[in-house]
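Undergrad: Need coordinates for the below:
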Amino acid sequence: MANLNIPIPDSIQEDLKMMIRNAATMAINEATQRETKAKDWMDQKSACEYIGISFSTFQNFRKLGLRISTVQGKTLVSKKEINRFLEEYQQ
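TA: As a prediction, this is how the structure comes out:
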């Protein structure tokens, strides 16, 4: 690949850097939102990561009433259920 050198005045370089930085930030935020929305249902490991707890704490939450679904041997939990459960125990 050939390098292309285009002289750009310093005043425009800062604006250009800011525009690129903003575009990159927006792209990352949009990708993160898409990923978050796409995972309405998670496996147990992802659920633990989602709320920042250990697997044993997750098992305790299940004993306290956190509802899960098991389909063909795969255990899944919804974000909606996790949020409902946490709100129920919120002090």
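Undergrad: Distance check, N60 against A23.
TA: For N60, the distance to A23 (Cβ to Cβ, to the nearest Å) stands at 44 Å. Backbone N, C-alpha and C define where each C-beta goes, glycine included.
Undergrad: An error on my part: the question was meant for I12.
TA: As for I12, its distance to A23 is 16 Å (criterion: Cβ to Cβ).
Undergrad: Next: G73.
TA: Using Cβ to Cβ, G73 is found at 44 Å from A23.
Undergrad: before we move on, what about T57?
TA: 40 Å.
Undergrad: Ok, K80 next?
TA: On the measure of Cβ to Cβ, K80 and A23 end up 33 Å apart.
Undergrad: Then L66?
TA: Distance from L66 to A23, by Cβ to Cβ: 40 Å.
Undergrad: Which one's more surrounded, these two?
TA: A direct count of neighbours by other Cβ atoms under 10 Å for L66 and A23 places L66 higher, at 19 against 10.
Undergrad: For this protein, which strand extends over the most residues?
TA: Ranked by residue count and defined by DSSP state E, the top strand of the chain is strand 74-78.
Undergrad: what are the ranges of the helices in the protein?
TA: 10-38, 44-51, 55-63, 79-88 (DSSP state H).
Undergrad: Check what pLDDT S78 gets.
TA: At S78, the pLDDT value in this model is 95.
Undergrad: E35 too?
TA: E35 is given a pLDDT of 64.
Undergrad: Kindly report the same for T57.
TA: 95.
Undergrad: and it, what is it in contact with?
TA: T57 is in contact with C48, counting by Cβ atoms under 8 Å, 6 or more residues apart in numbering.
Undergrad: angle of the helix or strand of the chain with the lowest mean pLDDT against helix 79-88?
TA: Across the helices and strands of the chain, mean pLDDT, DSSP states H and E gives its lowest value to helix 10-38, namely a mean of 77. Computed by axes from the mean of the first three to the mean of the last three Cα atoms, to 10 degrees, the angle separating helix 10-38 from helix 79-88 equals 90 degrees.
Undergrad: Helix 10-38 - contacts with which helices or strands?
TA: Here helix 10-38 touches no other helix or strand, going by 3 or more Cβ pairs under 8 Å, 6 or more residues apart in numbering; DSSP states H and E.
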